[in-house]
Structure formats: C-alpha cells, structure tokens
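Undergrad: after the sequence you'll find the predicted model.
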Amino acid sequence: METPLPWLAPYRDAPLDARVLVPSSKSLTNRALVLAALADSPSTLTRPLVSRDTSLMADGLTALGIEVERGAGAWTVRPASLSGDATIDCGLAGTVMRFLPAVAALADGPVVFDGDERARERPMGTTIASLRALGVRIEDDDRAALPFAVTGTGRVRGGRLEIDASASSQFVSALLLAAPRFDEGLDLRHVGPSLPSLPHVEMTVAELRRRGVAVDDSTPDRWHVSPGPVGALDVEIEPDLSNAGVFIGAALVTGGRVAVRRWPATTQQAGDAWHRIVRAFGGTSERDGDDMVFTAGSTLTGADLDLHDVGELTPVVAAVAALAEGPSRLSGIAHLRGHETDRLAALATEIARLGGDARETDDGLVITPRPLHGEIFRTYDDHRMAHAAVVLALRVPELFVENVRTTVKTYPNFAPVWERLVA
Ligand SMILES: O=C(O)C1=C[C@@H](OP(=O)(O)O)[C@@H](O)[C@H](O)C1
Ligand SMILES: C=C(OP(=O)(O)O)C(=O)O
C-alpha cells in the first residue's frame, strides 16, 4: 500500500455534539468467521466488519478451502473439509496470525503463514510451542515469529496443555476456538505472569457456547472445551466499541458529548470499559434508547487506570490524558510492546514530539500534561496510533497524521467520517 501524504487532522474549539454509528467489531467478526468455518453447516454474518483484518481472515479461510461469500451487508460462510497446500497472509492482524494456525492444524497438508514486516516481530512463540506440544508439525526459523509452516494431518488429538499466554490473550482464544474439533477437546491452562485482555477470552468462550460447545471456565486460568460439533449460527455483529473510543475521546477533550448508536445492552467487548474510563476522566455515560451517550465533565481530570484487561483502548486513553488538567498513570499494559507497534514507546515518542511528557514505566505510561504544538505525528502502521493522533489534533492546531489510512485495519473510510463529524 502506498503511504499517503501526512493529513492535517481537524482542530475544533467548540464542544463536540455528535451521534455516530461505528463499523462492526473486528474481534466478533473474526471469531464468527472462524467458528462458521468449523461449523457443521453454513452460517451468515450480518453487518460483518469489512476491513483489512476481516478481509485477511476471510481470505485465509478461503485459502483453507472454506467458501466465504461476501455480499453487501452479509457474509455467508460454507464450511468444507480443510485443505492444506496454502499460503496465508496475516497482514498485521493478531487474530489472523494467532487463530488460523490452530485451524490449519486441522487441515491436511502444509500451510505457510507470513505477514507484514512488523508482523514478523509480533510474539508467536506460544502459538508455535502449543501446536507442537499437541503433536502438530511446524517448520520455522527458530525466531518464535512469522514466517512458519504448519503441516496438519487432518486431525489433532488435543487433551491437556499448559501455555504461557502472558504476551497475548489471543494464544488462548486461538486454541479454544479450534478445540471442539480436536479428538479429545482441550484442557488448557495458562501458567506464567498474568493473562491480559481477559474480556477477549470471555468473548471466545461466549461465542463457543452460543454454538453449542461445552466450555468449563470455572477455574481461573483454566478452560476445558469438550469435543463435539460447532453449531452453525446466523449472527448480527455488534458495533466495535473499542473503535467507538476515538469519538468518545473527542467528546472528552472538547468538553462535549457523543451518542454512540446501537450500544449493546450486554457485551463481552473490551470497549464496554469506556464507561469506567470516561468516569475516571470526570465524565459520565448514560443510555438513551439504543444509544450510549458519553458526556465530558466540567474539567478533564487526570486518571489512574489499570488497562490490563482492555489494553487496546490505550492509545486513545493516552491522547485524552495528554490533554487533561492533571497527570495520569496507565498501568498493566506491558504486553502492548508486542502489539501493532511497541505502543508504549510509540506513544511516549509521539507525545514528546508535540512537546508533551509521557514516560514509559515497566508496565505502562505516566503522562503529565504540557502545552502541545503541531507536528507530524508518526503512526507506525498502527490504526490506534492514528486514532490517538486525531484526538490530540482536536486541541493541537497544525497536527498532521503521518498515515491516517492505516485505520483500514479495523475502520473502513475513517478519515472522511471523522472530518464530517468533528470538523
Ligand atoms: O482476541 C482478540 O480479538 C483481541 C485480543 C486482544 O489481544 P492481546 O491479548 O494481544 O492484547 C486485543 O488487544 C486485540 O485487539 C484483539
Ligand atoms: C492489538 C490489536 O490488534 P491485533 O488483533 O492485531 O492484535 C488492536 O486492534 O489494538
């Protein structure tokens, strides 16, 4: 993809008052695609997210022999026996690089996995080690990273397995998603430092149960998945509440409000934590029919937030913190160093580039607000760094975003939508 010229993101001195419908959830779309592919008959996803990460997932499943019919507003997945002799491009999508090797283990024949340059640095050691421990052949170059080849024999025995998933919850989710198709199911334990992004694992468990799979998660850090069929299920995908955060951030930093449409009444999405985060910054949230309305308080206070469970919200939270009236501490997020970029380093560097003060700690950031000035904010091919940049730009004149197109990972057409809503 050709890198566009830096984009002058909109500045705004009036409080935001907007209503927005965000595109559907990446995490839910990619789980629904994988489970539909492993199911016993076709499933339709209504309102799937159509973005780089979900297209890569659909392409990857297609490479394994699954039919994914991509209609407007609905994708139909027709399961088939999984075939090898395939190559899968993971792009920079954690869900694709972690979820599909476990699916490829059920295919017959070699499947080669690779991705973007940065994808080759994201942690993959636990995927490789766990599949090997289950008896699956993997050829790699001993870097615990992409690229590698998974050669399945059409079946995986399963059984007991211990893994260290402290670098990413996706190592757990990947195994759980494929586990009902293992001969003996899976009795999985996480051992090691604390598991991040627990809501994402809870989402995986909930999506399995909705399709009739028995999962026992009554013991912390342990999941038992019984072997058996995955039921086909037609689903409507919820809006992406993590991506709603860029608009919620806009409401906070402009002293305004935003109504996010179709906010689910109950959800496993990490983005539901915006309620708690907005309160920590002095704001409020309130349901109005299907909308969730987030309103800034009279002052934007600094916040002390443990984001271990919801790390993907960090870039926007850091942008808000840099514009607050007092210091903020964000903790529990050492694993962000293995995300699309090293997000702790990237946020510290880019906030400093604007004249701000964001210091890395062992497991997060301490952000002390300072007057900020315009600059080119680097995005490191990270969609959420672009979201952080546009929130800062609302209060920092002449802030250019290096590559706003990187938002296509999870949000098609973001820049024009943003311009229309906030400019
Ligand atoms: O399973 C998922 O859909 C995700 C899990 C989380 O990964 P980590 O546990 O690696 O943070 C999250 O940050 C990512 O955006 C999506
Ligand atoms: C960490 C993220 O993505 P991925 O699914 O690529 O890990 C993210 O979207 O913030």
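TA: Structure's in. What do you need? Numbering: from 1, shown residues only. Ligands and ions are numbered 1, 2, ... in the order given.
Undergrad: what distance separates the start and the end of stretch 275-287?
TA: End-to-end distance for stretch 275-287, by Cα to Cα, to the nearest Å: 11 Å.
Undergrad: let me redo that: stretch 308-318
TA: 14 Å.
Undergrad: burial count for whichever residue of the stretch 201-350 of the chain sits closest to ligand 1?
TA: Scanning the stretch 201-350 of the chain for the residue nearest ligand 1 gives residue 312, at 3.7 Å (criterion: Cβ to the nearest ligand atom). Where you see a C-beta, it was placed from the backbone N, CA and C, and this is true even at glycine. Residues near residue 312, counting by other Cβ atoms under 10 Å, number 26.
Undergrad: quick check: the closest residue to it other than its chain neighbours vs residue 219, distance?
TA: In space, and not counting its chain neighbours, residue 312 is closest to residue 242: 5.3 Å by Cβ to Cβ, 6 or more residues apart in numbering. Applying Cβ to Cβ, to the nearest Å, the value for residue 242 to residue 219 is 28 Å.
Undergrad: rewinding a little: wait, the residue nearest to residue 312 sits on residue 269?
TA: Yes. Under the criterion of Cβ atoms under 8 Å, residue 242 makes contact with residue 269 at 6.9 Å.
Undergrad: what is in contact with these two at once?
TA: When Cβ atoms under 8 Å, 6 or more residues apart in numbering defines a contact, the residues bordering residue 242 and residue 269 alike are residue 25.
Undergrad: I'd like the distance between the residue of the stretch 201-350 of the chain closest to ligand 1 and residue 168.
TA: Counting by Cβ to Cβ, the gap from residue 312 to residue 168 is 11 Å.
Undergrad: for the two, list the residues in contact with both.
TA: When contacts are counted by Cβ under 8 Å, 6+ apart, residue 312 and residue 168 have residue 197 as shared neighbours.
Undergrad: ok, residue 291 - contacts?
TA: Counted by Cβ under 8 Å, 6+ apart, residue 291 has contacts 19, 259, 260, 261, 262, 263.
Undergrad: surely residue 161 meets residue 175?
TA: Yes. Using Cβ under 8 Å, residue 161 makes contact with residue 175 at a distance of 7.2 Å.
Undergrad: higher neighbour count, these two?
TA: residue 175 (30 against 17).
Undergrad: how about the residues of the stretch 251-400 of the chain near ligand 1?
TA: Residues of the stretch 251-400 of the chain lying near ligand 1 by Cβ under 6 Å from any ligand atom: 311, 312, 335.
Undergrad: isn't the last one up against residue 164?
TA: Translated: residue 335. No. Using Cβ under 8 Å, residue 335 is not in contact with residue 164; the gap is 11.9 Å.
Undergrad: hey, what's in contact with both of residue 161 and residue 175?
TA: 130, 186, 188.
Undergrad: go through those residues and flag which are in helices.
TA: Of the shared contacts of residue 161 and residue 175, the ones assigned to helices by DSSP state H are residue 130.
Undergrad: relative to residue 8, how far out is residue 38?
TA: Residue 38 is 46 Å from residue 8, by Cβ to Cβ.
Undergrad: of the two, who's got more company?
TA: residue 38 (23 against 13).
Undergrad: show me the contacts for that one.
TA: 79, 103, 106, 177, 178, 180, 181, 230.
Undergrad: give me the PyMOL select line for the contacts of residue 291, limited to the buried ones.
TA: Selection of buried members from the contacts of residue 291 for PyMOL, criterion 16 or more other Cβ atoms under 10 Å:
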select buried, resi 259+260+263
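Undergrad: in stretch 45-63, what counts as buried?
TA: 45, 47-58, 60-63.
Undergrad: lovely, talk soon.
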